[in-house]
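In: got a predicted model here, sequence first, then my questions.
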Amino acid sequence: MTEATEAPATPKPTRIAPIVTLDSKSFWDAADREEFVGQKCGDCGQFTFPPRPMCPHCHSLARVEVKLSGYGTVHSYTIPRHPHPFGFKEAPVVAVILLDEGIRFVSNVVGVTPEDMKFDMPVEVMFEPTMNQHKLPVFRPRSTR
């Protein structure tokens with residue numbers, strides 16, 4: 001009699017799931033589908049982030065959801081070490097990403113060592129799983145083409 005070998009279990013995500021509000025629900029639903037979306041004012045055309053009910057530039061209530069390129073550059077970054085960030089084996093790189101659309105987006109940069117981090121590093125979006133079966137946009141160094 002032979003024993004069936006079981007594949008090793010996939011490790012459970014340790015990232016905390018996002019806090020979803022009424023204004024941000026469409027953003028997080030898109031992230032769960034691995035789509036990177038933002039908001040644009042239907043009147044003045046300015047991009048805004050985070051999602052909100054009113055344009056901070058012209059105060060219009062006309063909002064349009066748009067697909068974002070997912071490309072940007074590292075504007076600034078830090079590596080929080082104390083206290084140890086919950087849900088991470090190693091201290092994460094927390095960065096402000098200047099998206100090609102002009103929005104500043106706070107996220108993690110993955111796939112790079114802290115020693116190799118640089119200001120103005122080109123990055124692209126990818127998605128990582130969180131607890132409760134959600135996904136979160138993070139960034140990695142942009143592949144050269």
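Out: Ah, there it is. Numbering: from 1, shown residues only.
In: residues touching the nearest residue to V93 once chain neighbours are set aside, list them.
Out: Closest residue to V93 apart from its sequence neighbours, by Cβ to Cβ, 6 or more residues apart in numbering: V109 at 4.3 Å. The C-beta positions use only the backbone N, C-alpha and C, and glycine is treated the same way. V109 is in contact with 74, 77, 93, 95, 97, 117, 121, 123, 138-141, counting by Cβ atoms under 8 Å, 6 or more residues apart in numbering.
In: how about the helices in this protein?
Out: According to DSSP state H, the chain carries its helices in the segments 25-32.
In: grab the nearest non-local neighbour of V94.
Out: Using Cβ to Cβ, 6+ apart, the nearest residue to V94 is T78, at 5.4 Å.
In: er, V106 I mean
Out: Using Cβ to Cβ, 6+ apart, the nearest residue to V106 is V96, at 5.6 Å.
In: I'd say V64 and K40 touch.
Out: Yes. The pair V64 / K40 is scored as a contact, 4.8 Å apart, by Cβ atoms under 8 Å.
In: domain-wise, how is this structure divided?
Out: What automatic domain parsing lists as the domains of the chain is 20-67, 69-145.
In: could you point out which of these sits nearest K12?
Out: domain 69-145 (7.6 Å; Cβ to Cβ).
In: avg pLDDT for the closest one?
Out: What domain 69-145 shows for mean pLDDT is 92.
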